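> after the sequence you'll find the predicted model.
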Amino acid sequence: MTAPAADAPRYDFRTAEPGWQAEWERRGSFHVEDVPADGRPKYYVLEMFPYPSGKIHMGHVRNYTLGDVVARYKRARGFAVLHPMGWDAFGLPAENAARERRTHPAQWTWDNIAAMRAELKRMGLSLDWAREFATCDPAYYGHQQKLFLDMLAAGLVERRESWVNWDPVDGTVLANEQVIDGRGWRSGALVEKKQLSQWFLKITRFAPELLAALDGLDRWPERVRVMQANWIGRSEGARLRFALAAPTDGIDSVEVYTTRPDTLFGMSFLAIAPEHPIAAAVAARDAQAGAFIAECRRMGTSEAVIEATEKKGYDTGLRVRHPFLPDATFPVWIANFVLMEYGTGAIFGCPAHDQRDLDFARKYGLKVPPVVLPPGEDPAGFAIGATAYDGPGVMVHSGFLDGLAAPEAAKPAAIAELERLGVGEGVVNWRLRDWGVSRQRYWGCPIPVIHCEACGVVAVPEAELPVVLPADVSFDRPGNPLDHHPTWKHVACPSCGRPARRETDTFDTFVDSSWYFARYCSPHAAEPVTRAAADHWMPVDQYIGGIEHAILHLLYSRFFTRAMQATGHVGLDEPFAGLFTQGMVTHESYRGADGRWLYPDEIDKRGEQTAVHRETGEPVTIGRVEAMSKSRRNTVDPGAIIDRCGADTARWFILSDNPPDRDMEWTESGVVGAYRFTQRLFRLAETVAALPAAGSVPDSFSPASRTLRRATHRAIAAVTEALESFAFNVAVARVYELANAIGDAEKAPDTDDLRWARREAAEMAARLVSPMMPHLAEEILARLRPGSPLAVDLAWPDSDAALAAAETVTIAVQVLGKLRGTVEVAPGAAEADVLAAAEADPNVARALEGKRVVKRIYVPNRIVNFVVAGPA
RNA sequence: GCGAGAGUGGCGGAACGGUAGACGCAGCCGACUCAAAAUCGGCCGGCGCAAGCCAUGGGGGUUCGAAUCCCCCCUCUCGCACCA
């Protein structure tokens, strides 16, 4: 794009934007107290804080623009708005940079923060920068260590030997939630299974209320609540014990969890997870079993996904007795599709009514006895083919269950019988697992415990917090530098004083982001949160961020808030009253003649469909519109856009393009259009400002003036409504309409009353755009009303309903629901008059000719509909 | 497979059950200009000379009236998924 021409009088954003930013800062316009004394109601606006990668990207621009519109609008509506910003500053990229570039993670991180802060400030966001913090600062993470110790004391933390997901590339453990399709969510490496001693936060203790409280989050997107409910995964079933026909290695029974105890008579086999203790016992004397288990472990969780249908098993030779059929026994298999982490790590296989069990049974030639008869099926002829039947039906071949409806009547009956026999009981099971937070990394918050040979695990005394990361570390070898450090981990046991060892694991960085929103309430406090500040500001009234955090971050934060409530740090359980999830920013992708990806600024577009390389002139293939990513080089640098067009243009385009919860496409023409509008609005206002100043309110207004005032007051009402409902693209459209009306008024004869109306319109236009284009709004207002308060300090304007009301309304006239004409009438005109006018319309009259009107529908100020029948 | 959401001009999208396509982008015509940019004016769903007809993924239904409500189907997006 060419630089804007320099002649015509123009809005000079290059001067105006930094100027207003400095003025807001000088006035402390966006500062609020931890515990405010003024009586304004509070409103807490928060956007998900960024990872300091070094540069802001368009996703940030969209996120922070959306939040800023809300913050500025609420502020104008009289709220004291808390709108903070900080840095999610721990994490692996800093260590990767250290290894690759020989910089220190701290240096790299703080440099990135400085660069990104400068970029964010250029956006003109209404942030209280006095509240800024970074999670890698001991002043932050020391308090996190305190929260952990309090949770430890409250029994919300546990150290456990457990199977973990090991990411061999990152050299670290991943939470189950961080394994995506069997690969590490960050490195993409195939995840292996490994046993380690780990710290766990007991999120499962809150599973019931984390699920139940979702109902109360009525300002959250429905789909996020559904995703969380599925993740928590409550199921009702039974736990029961199968006795081994012949006890082995001191084990005499296998415990199974099932959601379908009603299908127990359809049992064909029992299957256990490869990690199950019985599997280990069998493997100890059966090399083949051991080989099969090893194969499963190598496959990890990933192979199962790659070969979704490939179910494999190994017959242990063991057999179990059926609880309801004392004479029958069933084989025990080790199966690769049974998960040790879910339920009890063992299932009973009912192939007729479970597809996975059926696939397994068919592969190994096991029996498939049906026990649930689908409605309308003949009991004699019913058999299972390639598809298991998991629908409702009537129990058959099931002893005491025969004739009962499955599952609703049969399930409780089966559970009652299990309980009567003392071999099982009804239970509620959860999919959610405890949150493993240990990471074998340097650049994270140290876990504040000490391991002593004599005393075991000892908490670091509070007086010694924070446990600070050592600065002198080397990244010459793989693994955790804290572990390699010559002195750091060697300490005296706080309990007995003998030599002991510091925990060298650090926290999952999701811990850092699970309470930062609370810290913002009192970011400089000597305790994690000042109760009075948190009581005042929490919960976050409007949280805004990407849908990619729908489960992990939001669920952890909900858990952490409950844990902080349990330990007395806050007085509430839900951190985010309102949640808005924005869509991604996308862009066309381009490939050169050699097939390599090209950045948008390396090409020149020639029309919609064609483009050439800017330097070589070679043809460029225009690819799909996709999420901006470095690998596809379809990114646009926000800094460059702000340099060229200004922050207001970038903000305006982002808001105008489409509804904010959908993916938006970043286009050059869209940016240019937005830039043009900043100039147009400025010019319209300048024209008004150049007119002689208007005096007091005129006694009467001409039709042209009334038309303009109507547009003004309708715009106020419409923009207000749109902003309230996150319909920012609609708010933008209403501003365009007002601008068009102001432009129309320039053509009308210049009268005193019209000048007054034009000033009113231009001033309101500036105030209506001020949440969206705050710099331009200030600039216009300062020119229209020198010496007036800043736009940022003005209350949101009210629409005068009388002025907004129409002088005439257009009523659509339908005959049998088809539009045949329109009539202009006064608002609230009498029904008889309107109907008469409608029938008088020539077009309508023609449509009614020769017909009998059987009904006349009249909706005041809206529509008339004549229902006619046959000839008169 | 389960769950959620979405299908409207060339594009992004508007639309309390009441004139479908607001507003913008792109495009076309014109004015201004030596010329261009910028700006301003006009046109802009399809068919039709017109009257009008057809149009909100497809098919039914409710209603005086349906993009909107109900049922069935198709497509797409997102999430979840050996979860027993």
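Great, that's in hand.

> show me what contacts the most centrally placed residue in chain A?
Closest to where the C-alpha atoms of chain A average out (Cα atoms, centre = their mean) is A:Ile547, at 3.0 Å. A:Ile547 makes contacts with A:224, A:581-583, as judged by Cβ atoms under 8 Å, 6 or more residues apart in numbering. For glycine as for every other residue, the C-beta is placed from the backbone atoms N, C-alpha and C.

> in those, which residue is surrounded by the most others?
A:Gln582 (25 neighbours; other Cβ atoms under 10 Å).

> and the stretch 601-750 of chain A, which residues reach RNA strand B?
Counting by Cβ under 7 Å from any atom of the strand, the residues of the stretch 601-750 of chain A close to RNA strand B are A:607-608, A:656-659, A:662, A:664-665, A:667, A:669-670, A:672-673, A:676-677, A:679-680, A:727, A:729-730, A:732-733, A:736-737, A:740, A:743-744.

> and the host helix or strand of A:Gln195, what's buried?
Using DSSP states H and E, A:Gln195 falls within strand A:192-201. Residues of strand A:192-201 classed as buried: A:192-193, A:198-201 (neighbour count, 16 or more other Cβ atoms under 10 Å).

> pick the one among these closest to A:Glu377.
Of all the buried residues of strand A:192-201, A:Glu377 sits closest to A:Lys193, with 42.8 Å by Cβ to Cβ.

> show me which residues of the stretch 151-300 of chain A are close to RNA strand B?
With the criterion set to Cβ under 7 Å from any atom of the strand, the stretch 151-300 of chain A comes near RNA strand B through A:180, A:222-223, A:226-227, A:230-231, A:233, A:235, A:237, A:257-260, A:273.

> repeat that for 6 Å
A:222-223, A:226-227, A:230, A:233, A:235, A:237, A:257-260 (Cβ under 6 Å from any atom of the strand).

> need the residues you listed in a markdown table (columns: neighbour count, pLDDT and secondary structure).
Listed next are these as a markdown table, based on neighbours: other Cβ atoms under 10 Å; pLDDT from 0 to 100; DSSP: H, G, I helix; E, B strand; the rest coil:
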| residue | neighbour count | pLDDT | secondary structure |
| --- | --- | --- | --- |
| A:Glu222 | 9 | 83 | helix |
| A:Arg223 | 11 | 84 | helix |
| A:Val226 | 12 | 85 | helix |
| A:Met227 | 16 | 85 | helix |
| A:Asn230 | 11 | 85 | helix |
| A:Gly233 | 15 | 86 | coil |
| A:Ser235 | 14 | 86 | strand |
| A:Gly237 | 20 | 88 | strand |
| A:Tyr257 | 20 | 91 | strand |
| A:Thr258 | 26 | 91 | strand |
| A:Thr259 | 15 | 88 | coil |
| A:Arg260 | 21 | 90 | coil |
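
> mind saving the C-alpha coords of stretch A:728-745 as CSV?
C-alpha atoms of stretch A:728-745 as CSV (Å, rounded to 0.1, in the frame of the first residue of the first chain):
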residue,chain,number,x,y,z
PHE,A,728,-19.1,-4.4,17.8
ASN,A,729,-19.4,-4.8,14.0
VAL,A,730,-23.0,-3.5,14.3
ALA,A,731,-21.8,-0.6,16.4
VAL,A,732,-19.4,0.3,13.7
ALA,A,733,-22.1,0.2,11.1
ARG,A,734,-24.3,2.5,13.1
VAL,A,735,-21.4,5.0,13.3
TYR,A,736,-21.0,4.9,9.6
GLU,A,737,-24.7,5.7,9.3
LEU,A,738,-24.3,8.7,11.5
ALA,A,739,-21.3,9.8,9.5
ASN,A,740,-23.3,9.5,6.3
ALA,A,741,-26.0,11.7,7.9
ILE,A,742,-23.5,14.3,8.9
GLY,A,743,-22.2,14.3,5.3
ASP,A,744,-25.8,14.7,4.0
ALA,A,745,-26.3,17.7,6.2
